[in-house]
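> Predicted model follows, preceded by the sequence.
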Amino acid sequence: MDSSRCHAENRLVWGRPGAPIDGWNLLCRGPPVGRTRPPTTGGRGSGGDRPTIVTVRLVDLMRRPFARDIGLGLLLLAACFPLAPELSTDAAAREKMIIALGSHAAWQRQVVVWWVAIAASLVALVICRRFPLTGFAIAGAAAFLHRSNPGLPVPPSDLTAVIALFFLASVAPKRRVPALALTVVLMLLPVATVAALVAPLGWNPAEFGKVMAHIWTARTLSFAVTAAAVPALLLGIAYTAGDNARTRRVHHAALLQRAEDLQRERDSRAALAVAAERARISRELHDVLAHGLSVMVIQSQGAAAALKRQPERAAQALASTIDTGRACLAEMRRLLGAVRAEPDVAPLAPLPGIGALPALIDEARAAGTPVILHVEGDARPVPAGVDLAAYRIVQESLTNTRKHAGAGASARVRLAFAADHLEIEIADDGPGCPPPEPAHGNGLRGITERVAALGGTVDFSGPASGGFDVRVLLPVGDTA
């Protein structure tokens, strides 16, 4: 079968056309349920896939830490067999050891201790990932037994102490624990070296002078320094590498924690921004609807009253009602269009400000509420937030006058421009009433929230003779 045709069939069987096949999962887990294994080129009964599957599964098994530790332990055990004392071909050296130990049984005991220490080292290698301190203690004790025995070779299994120290330095919650363990081992290394050199004294005290003379030779001292320096160097390297791995892991964890904190902070700020925007849109909609609907209701009532006796005035009131409704709809479209994803749904218009107050007052007069506008000081530009807030405050106050002051009530609007603030006062001469709480009405609460957001002050009061007064002080800063 052609090679390109085989690849095409595999893609059609195992996934969508053109999609790559996950060969690793294919070999390790077999074909998915309900699907056919792709054709092989080995022919029926050739078994050509089996070695590949076994190899891949072995590689997958060796990716597990426990399996890797067992595999490394088996390699170290295999490396110990060529150094086994009972397999040594140096018969003369073995006879000297037996004579030095006093009997063949004593030599056999030393060999047993040698193998037991190797087994303890391999056990330490397996458990050092979960119990690094215990594993290092066992591996260190086994290495000490091997180092202090002068007649037997040092096996490769003693490297488990280096590996255990690396894991201890990399996973210990406190840095002083592996540092203290390394210090203890470095102090015991000279003791093990001296014990290996002085141990023959216990076998034959009569040879004390010869042994001491042999110890102080250059060759023996060189051996002692090498026997202590090489393990110390390896342990130092393992400790440094493990501590470096621990530092990187802690730094990485700190970066992850910082990223999570920043993400939570970003989400929190986004939620606060959404809540603030919703509150702003709610205030804007309330001001627009409350003002527009109150004007439309008053004009509709006037049109209904004058419909029979003065139809011209009724038609004029209805036309004004239509204009007010259209203006409210246009402003609502502007507000809702600002939060939609499609900005072209409705054309955007500039936000109203102090410059639009004369038109607002004319609209209130047309609705039947006499309003007087009085400006003190030199009118000058103010920040955009203050400009919009001033318009909305006057709009809401005139709406409250029409709703609560009663028929025939008049209002007065006063704007006082100062160097660092803008004072706004809206007063009416309707029936007297106690100052309401801002929490009892959306309008007054909206005024309070606007003023608080700009850092100003607001006061709701009413004179004893009647009427209601709203005084607002808004900071403007230095505005050109």
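On my side now, so go ahead. Numbers count the residues shown, from 1 in each chain.
> now the helix ranked longest in the chain: how far from the chain's centre is it?
For the chain, the helix with the greatest residue count under DSSP state H is helix 218-305. Taking C-alpha atoms, centre = their mean, to the nearest Å, one finds the center of helix 218-305 at 5 Å from the center of the full chain.
> Could you list every helix and strand in contact with the helix or strand following that helix?
Once the chain leaves helix 218-305, the next helix or strand it forms, by DSSP states H and E, is helix 311-339. Of the remaining helices and strands, those touching helix 311-339 by 3 or more C-beta pairs under 8 Å, 6 or more residues apart in numbering; DSSP states H and E are helix 218-305. In this view, the C-beta of every residue, glycine as well, is placed from N, C-alpha and C.
> Can you name every helix or strand that the helix it packs on contacts?
Here helix 218-305 is seen to pack against helix 132-148, helix 159-171, helix 176-198, helix 311-339, helix 357-366, helix 384-404, helix 442-453 when contacts are counted using 3+ C-beta pairs under 8 Å, 6+ apart.
> what angle separates the longest helix of the chain from helix 357-366?
Using axes from the mean of the first three to the mean of the last three C-alpha atoms, to 10 degrees, the inter-axis angle of helix 218-305 relative to helix 357-366 is 40 degrees.
> What separation do you get for the nearest residue in space to residue 403 that is not next to it in sequence and residue 397?
Using C-beta to C-beta, 6 or more residues apart in numbering and skipping the chain neighbours, the partner closest in space to residue 403 is residue 294 (5.7 Å). Distance from residue 294 to residue 397, counting by C-beta to C-beta, to the nearest Å: 12 Å.
> circling back to that earlier point, mind listing what the residue nearest to residue 403 touches?
Residues in contact with residue 294 (C-beta atoms under 8 Å, 6 or more residues apart in numbering) are 367, 399, 402-403.
> For those residues, which PyMOL command selects only the ones that are buried?
To isolate in PyMOL the members of the contacts of residue 294 that are buried, counting by 16 or more other C-beta atoms under 10 Å, one can use:
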select buried, resi 367+399+402
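> Flag the shaky bits of the stretch 51-200 of the chain, pLDDT-wise.
Counting by pLDDT under 70, the low-confidence segments of the stretch 51-200 of the chain come to 51, 58-59, 61-62, 87-94, 96-102, 150-151, 196-200.
> same thing with the stretch 201-350 of the chain?
For the stretch 201-350 of the chain, applying pLDDT under 70 flags the ranges 201-224, 287-291, 333-350.
> and if we set it to 50?
Within the stretch 201-350 of the chain, the ranges that satisfy pLDDT under 50 run 203, 341-343, 345-346.
> repeat for the stretch 351-480 of the chain
Under the criterion pLDDT under 50, the flagged ranges of the stretch 351-480 of the chain are 438-440, 479-480.
> cutoff 80 now
Low-confidence segments of the stretch 351-480 of the chain, defined by pLDDT under 80, are located at 351, 366-368, 402-408, 430-443, 446, 462-467, 477-480.
> the domain parsing of this structure - what is it?
In terms of domains, the chain is parsed into 3-47, 64-216, 354-480 (source: automatic domain parsing).
> per-residue confidence averaged over the shortest one?
If I follow you right, that is domain 3-47. Domain 3-47 comes out with an average pLDDT of 44.
> Roughly how far does residue 364 sit from residue 405?
Residue 364 sits 12 Å away from residue 405, taking C-beta to C-beta as the criterion.
> Of these two, give the one with the bigger neighbour count.
Taking neighbours as other C-beta atoms under 10 Å, residue 364 and residue 405 compare with residue 364 leading, 24 against 21.
> for the more buried one, what are its contacts?
Shown in contact with residue 364 (C-beta under 8 Å, 6+ apart): 295, 371, 398, 402, 411.
> Mind doing that once more with 7 Å?
Residues counted as contacts of residue 364 (C-beta atoms under 7 Å, 6 or more residues apart in numbering) are 371, 398.
> Ok, the one 4 residues further on next?
For residue 368, the contact set (C-beta under 7 Å, 6+ apart) comprises 298, 302.
> Which element, helix or strand, includes it?
Per DSSP H and E: nothing holds residue 368, as it lies in no helix or strand.
> Same question for residue 105.
Residue 105 is part of helix 104-127, with elements assigned from DSSP H and E.
> Now do the buried residues in that helix.
Neighbour count says helix 104-127 has 107, 110, 114, 117-118, 120-126 buried, by 16+ other C-beta under 10 Å.
> What lies in contact with that helix?
When contacts are taken as C-beta under 7 Å, 6+ apart, the neighbours of helix 104-127 outside the stretch itself are 69-70, 72-73, 76-77, 80, 85-86, 97-98, 101, 134-135, 138-139, 142, 145-146, 149, 151-152, 155, 157-158, 160, 163-164.
> give me that answer again for 8 Å
Counting contacts by C-beta under 8 Å, 6+ apart, the residues outside helix 104-127 that touch it are 66, 69-70, 72-73, 76-77, 80, 84-86, 94, 97-98, 101, 134-136, 138-139, 141-143, 145-146, 149, 151-152, 155, 157-158, 160-161, 163-164.
> just the buried members of these?
Using 16+ other C-beta under 10 Å as the burial test, these include 69-70, 72-73, 76-77, 80, 85, 94, 97-98, 101, 135-136, 138-139, 142-143, 145-146, 149, 151-152, 155, 157-158, 160-161, 163-164 as buried.
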